[in-house]
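*Asks:* Sequence first, predicted coordinates after that:
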Amino acid sequence: MRIHKRIISLITAICTLFTVSSVAFAAGATNVSITPSTVITQDNIYDVLNYLGIDSSKYTKSSTPLESQITTVQDLKDAIQKFSTENKRILSSSATNTVLPSANSPMVSGTRSLSQTDAYSTYSLNYSITVTYSGNNSGNLHFTGAIGGSITIDSTGIGLVSTIENPNNFNLMCSASTATMQATVLVDNYLLVQSGYLYLNQQTINSTHNWQSSAL
């Protein structure tokens, strides 16, 4: 009887050890299955994020298909490093002024939209201001007020999407000769990965843009 109980105990112990070993092996296999050359799919995206130590809450799946340039885990790692450390300095700035329509009257007045674009390494910020003006058709024009404005963003980096969190955070000022927009916007950057958006970082962009009445 005692021998029988010992045999049962031994069998139970062996089964328990086998079960624990199997679980441990399975857990280890999950980690080992992700390597730098692993192709990222919708099925393993969260395993990939865990492998890279990225909080899964930073990833949002899209309801519409997206084209991603990132194929492997190494591609994703390189893209994160590139876009997270890349200098976001202004590469160029340009202004756009519409042509003032001709007038038969010696005095002219109206409303115009003026804009400036600041190009960064992976996006462009477009600043527009709506002003009223008055003067004569000989070119002696001056501002009479700033009545509106807007800030928009265009993503220019391949596989990267940038958005503005607070596009209305600006102040307008206007004198007879100068119209000014002072703005502080928060730019959120996302990588396109497997039909979803991976949040990278947020940048604070402070700017002051001036338009001269001589440009009217």
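*Replies:* Great, that's in hand.
*Asks:* helices and strands of this protein: which one bottoms out on pLDDT?
*Replies:* Across the helices and strands of the chain, mean pLDDT, DSSP states H and E gives its lowest value to helix 2-32, namely a mean of 45.
*Asks:* which is the next helix or strand following that helix?
*Replies:* Following helix 2-32 in sequence order, the next helix or strand is helix 45-51 (DSSP states H and E).
*Asks:* mind checking how far the next helix-or-strand element following that following helix is from the chain centre?
*Replies:* Next in sequence after helix 45-51, counting helices and strands by DSSP H and E, comes strand 59-61. Chain-centre distance of strand 59-61: 13 Å, with Cα atoms, centre = their mean, to the nearest Å.
*Asks:* How about stretch 169-187?
*Replies:* Distance of stretch 169-187 from its chain centroid, counting by Cα atoms, centre = their mean, is 23 Å.
*Asks:* what about it, start to end distance?
*Replies:* 12 Å (Cα to Cα, to the nearest Å).
*Asks:* Of all the residues in that stretch, which ones are buried?
*Replies:* 170, 172, 174, 179-181, 183, 185, 187 (16 or more other Cβ atoms under 10 Å). For glycine as for every other residue, the C-beta is placed from the backbone atoms N, C-alpha and C.
*Asks:* Next: stretch 159-167.
*Replies:* Neighbour-count burial for stretch 159-167 flags 159-162, 164, 167 (criterion: 16+ other Cβ under 10 Å).
*Asks:* ok now do residue 173, which residues does it touch?
*Replies:* Residue 173 makes contact with 146, 179-180, 182, according to Cβ atoms under 8 Å, 6 or more residues apart in numbering.
*Asks:* same question, residue 161
*Replies:* Per Cβ under 8 Å, 6+ apart, neighbours of residue 161: 155, 189-192, 197.
*Asks:* Same question for residue 199.
*Replies:* Contact analysis of residue 199 by Cβ under 8 Å, 6+ apart lists 58-60, 188-190.
*Asks:* Pull up the gap between it and residue 83, please.
*Replies:* Distance of residue 199 to residue 83, given as Cβ to Cβ, to the nearest Å: 11 Å.
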